[in-house]
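A.B. asks: sequence? don't have it. structure:
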Ligand SMILES: C[S@@+](CC[C@H](N)C(=O)[O-])C[C@H]1O[C@@H](n2cnc3c(N)ncnc32)[C@H](O)[C@@H]1O
């Protein structure tokens, strides 16, 4: 988060420039892939890149899915990228300028996919930081919940969801919630993500929602309402505001990502 | 363990009757704003911070923050320490909350644009929303016009403000025009306007009747967080990330009907960055603001009318039209002196004129031929004495009656021994006399000091001192029998009136080199006298002078934020007050607590001016601007300036306690190193946890990494740009501890990003000499020797680990060897044996080095002897503990990988080498990065802090991490801690992050 003058001097910033990526973030996805290999799966066909501007993740996705592939291979491949900010075009990527927390946006993405399911959903979303720590963390988690709402509507069973998180006060609450929807949840920190920042990524493998839960998208219901019924939140409001209760929390396994040659983003070169 | 005190961001603040009610972390704190007293601190939430407050007339208070909400009686709030049992939850973040007009219901607006209408017990009466507009909001507000008409203003992230009718659930407008997120929007009481502020640094005013944009207010230099209408909806007050609070006038052009927003006042209210909350008490026209620095600031809002009434100004023409005095063409005011009755001024034609404040009248006192064209004016206000001198070695002294109407004594002097005079200074010498100094531009002439009787003005004594070289007097202070004269080139001459023959004792080049502007005696300790010395270049220094021994020492040095420094003094609360000029302003600043007391636009320095303290505690600033004489009264504030002083505006990165001795017998001195580039020197009371600020050191130019007391005298701090400073602390004086830089570590490059991440030191026996290891963000490792007498760092060892950043280092004496340990961003603990690389012997029992009097030289870092991966990624902190019997030492470490570990180092007697193993590790010791760990209780316990805001105490007595106690902390970005033994076997913890807290074990 944040525009830091440090970015300019960063090794990854220089590398991104050299390799034609629009942002240094590309290396974060690449390094996550170094350990999880989700982009190396030949069956990976349809992906959604949320909060995608300026588009370096989309560039990586486009390369992985389309570069050097035969016409046969790329037949039903599709990448949809969404952001609040406008994005200049990228080959094989359909872009959409919209707010992912707005229920109508999810509807529009679903429409773009028709009846097809996606194999992979990622979100590198980061709201404008206000400096109010708890609000920033909450908004970040809401971005993830919006991404997750879409994921629940579009991801195939067994699919993968990757999203940026900030490991603040309530991150264990989020881990616990994700546990209801995926077989495995890992907190991964690519070497290109600064050790001094709280940034990390959740890699959620094996989409597997509770069998008794049907997800239905309604533009007037909230994220909370959407997920009610999938046991994620203990808190439900009927006719009275409930008393305070501690949320369920679990700690996800931590993993450092990127191969040995990766640069250390905290080092001065 | 329990928290004794907590300082941190305050997100909201309100006036209620004679109280200020502030959300302070999870607490609501209530103050009497007339005297600044904290009346009560009541915890209302378990974990969440209070983001907003609403109070109704019948004494009910609604507090909300994150997903928590509570409705409590103000009476309970003011008497109880905790009301957390009343805390209620919602499923979504609460953006705003208000009571209805009758006070029997509340409206709660959530960040998904939904409103709960509840009764006071939390029973939900209805839920309202705006169909199809449920995207996330950063801000919003609720306005009830009548029980049936309630409007919601909702600020979206896309830059639109949605105005909707709560009960009809219909949209009135989506106001577009801002760029970026909306951080606040509110509707005026009269129903005419909506105002909004945004990421784009502007304020917009909209017409509630039509939805059209009326005007935009520009002025803030960063994001704007909050807004409030006042003065019958004709003015706005705003607060911003630029740490100012601004007042805007809503002006209606009668002619074309256009509305405009005009910036009328700017107040710097908080330290670096965010001001979150603002309210205004119109009865007293005082604003209260709350910020990220934890400060609660009261600011008197000046209206132009009172401002004008507090200033009078005259040109000579004005004076002649209001009196019978006639002035010639080209005649100007040359000098002035303020008195209780008014003022005395002198013109370029030697006319001495008098101003009587009570009847706003001017009178000619006398005309002196001798004082034509050149004159210097001074005086002693409390004795109604005014003095004049010219460049022909004349001095004229006048004493006036109490009311200023009559001259009761007069003295004229000519000094034959001076060929010419170019400066004159005056000060009270003792209870009955004053001292007047005269100086000639001729270096061979003596420096003349004349002592006059305060009643009769008769000359008591004349002193003629030999003038030191390069001397040009600029300010004067007397102390006992000494005359201290400040001079150009940042120097001071001290003359002894009991020993005239003795050459002046000179203190030269105290700081870089501008004029000494002010000298003030502070206190005496034994034979040493402490003086505060200011320099025009912005530096202030404290000089400890022992005239008897003819020695002096600078024990404190610092510089003001910006501008010219003209003087400083300690007020009655022991706070250091500085004043001077910055750009076109004259300022008065509370340096101890870092806030501006007053400022006045006067055109900047380089003019005639005088600041006088008035008997009521206010000030009078007299100055000349464009040939006009201005008398600006700066009244003493009727309220305290702050209710809570606050600390840093940004994260505290490190904390270090001076553990050797107690300060004032009730606590300890400590320093905090912050991201905001400053180091604060404070002390805390060990029973209450109360923190007192002493100094804010501004020597670093980049955000700090570390600060650490390495013994009872030295503290070291480090940061980016390869900055590392060695500070010396002095706590011998009553008023404050003092601190100054002794030496700076030599830098090897000018790469601004090269950070010194950590350091550790070990002392030589019987001295203050030490060696210090430093580790860098470019993987460099260095070892230095510091010699106190030479005051110099010598490089002993240099090398590089790999390419990664090194985060921590420790120096350990073990089995007659010296080990240098580093911890890296890749999770490794690496050990180097540097025993043979240093020119010192080892005294293991004392844990010190022995000076073998060998030459120092620089060698390369040897290959590492041990390397062990203890963490998956960055090791955030380490602490070392050596066993009593010396058969092992342990490194406690914590990291970015949520883990903590104990690594045991042993010496293998057979192989004669060191080995290490991880004896305990806890991969999920926190939900997020573990940022600091400190071993305490003689190696039996370990304190840890982590970004998930949990403070933990581990039992480590049997080399195993066993969680003993954990508690939530309200300090976000928890990242620094230190411990010290308190009384009754307790241990005190200081914990820092965005905020600061003091804890105590049971
Ligand atoms: C770190 S950037 C993403 C970088 C991107 N992955 C890349 O590689 O170029 C975060 C993005 O999140 C977007 N964002 C934040 N909130 C959003 C929202 N509510 N809806 C859509 N995008 C959002 C921001 O506009 C920003 O472009």
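C.D. replies: Looks like it came in fine. Just so it is clear, the structure is predicted and the values come from calculations on it, not from any experiment.
A.B. asks: count of residues packed around residue 41?
C.D. replies: I'll assume chain A. Neighbour count for residue A:41, taken as other C-beta atoms under 10 Å in any protein chain shown: 12. No exception for glycine: its C-beta is placed from N, CA and C like everyone else's.
A.B. asks: I was after chain B.
C.D. replies: 18.
A.B. asks: my read: it touches residue B:81, true?
C.D. replies: Yes. Checked against C-beta atoms under 8 Å, the pair residue B:41 and residue B:81 is within contact range at 7.2 Å.
A.B. asks: Identify each of the helices in the chain and give its residue range.
C.D. replies: Using chain A here. Taking DSSP state H, the helices of chain A run over residues A:6-9, A:11-19, A:26-36, A:56-66, A:103-113, A:133-154, A:171-178, A:223-227.
A.B. asks: Wait, chain B was what I had in mind.
C.D. replies: Using DSSP H, helices in chain B cover B:74-77, B:304-309, B:316-321.
A.B. asks: Could you tell me the least trusted of those helices?
C.D. replies: Ranked by mean pLDDT, those end with helix B:304-309 at the bottom, a mean of 84.
A.B. asks: who touches that helix?
C.D. replies: With C-beta atoms under 8 Å, 6 or more residues apart in numbering or on different chains as the test, helix B:304-309 has contacts from residue B:264.
A.B. asks: let's go with 10 Å and repeat that
C.D. replies: Outside helix B:304-309, the residues that touch it by C-beta atoms under 10 Å, 6 or more residues apart in numbering or on different chains are B:249, B:264-265, B:285, B:300, B:302-303, B:600, B:632-633, B:635.
A.B. asks: could I get these as TSV with neighbour count, distance to residue B:608 and pLDDT?
C.D. replies: Below are the contacts of helix B:304-309 laid out as TSV (neighbours: other C-beta atoms under 10 Å in any protein chain shown; distance: C-beta to C-beta, whole Å; pLDDT from 0 to 100):
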residue	neighbour count	distance to residue B:608	pLDDT
B:249	16	33	95
B:264	16	29	91
B:265	19	27	90
B:285	15	32	93
B:300	17	28	93
B:302	15	25	85
B:303	15	29	83
B:600	18	15	91
B:632	20	14	96
B:633	14	18	94
B:635	15	23	91
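A.B. asks: now the residues you listed in a markdown table, with distance to chain A?
C.D. replies: Output for these, formatted as a markdown table (distance: C-beta to the nearest C-beta, whole Å):
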| residue | distance to chain A |
| --- | --- |
| B:249 | 28 |
| B:264 | 27 |
| B:265 | 24 |
| B:285 | 29 |
| B:300 | 27 |
| B:302 | 29 |
| B:303 | 32 |
| B:600 | 32 |
| B:632 | 37 |
| B:633 | 38 |
| B:635 | 35 |
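A.B. asks: check contacts around the closest residue to residue B:941 other than its chain neighbours.
C.D. replies: Spatial nearest neighbour of residue B:941, chain neighbours left out: residue B:953 (5.8 Å); criterion: C-beta to C-beta, 6 or more residues apart in numbering or on different chains. By C-beta under 10 Å, 6+ apart, the residues touching residue B:953 are B:1, B:936-937, B:941-944, B:963-967, B:987, B:989, B:999, B:1001.
A.B. asks: May I see the ChimeraX selection of the buried members of those?
C.D. replies: Buried residues within these, by 16 or more other C-beta atoms under 10 Å in any protein chain shown, are selected in ChimeraX with:
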select /B:1,936,937,941,942,943,944,987,989,999,1001
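A.B. asks: for the contacts of residue B:953, which one is nearest residue B:443?
C.D. replies: Within those, the smallest distance to residue B:443 is 60.6 Å, found for residue B:989 (C-beta to C-beta).
A.B. asks: what's the weakest-modelled helix or strand in chain B?
C.D. replies: helix B:304-309 (a mean of 84; mean pLDDT, DSSP states H and E).
A.B. asks: Okay, the nearest residue to residue B:356 once chain neighbours are set aside and chain A: tell me how far apart.
C.D. replies: The shortest distance from residue B:356 to any non-neighbouring residue, by C-beta to C-beta, 6+ apart, is to residue B:342 (4.7 Å). Distance, residue B:342 to chain A, using C-beta to the nearest C-beta, to the nearest Å: 50 Å.
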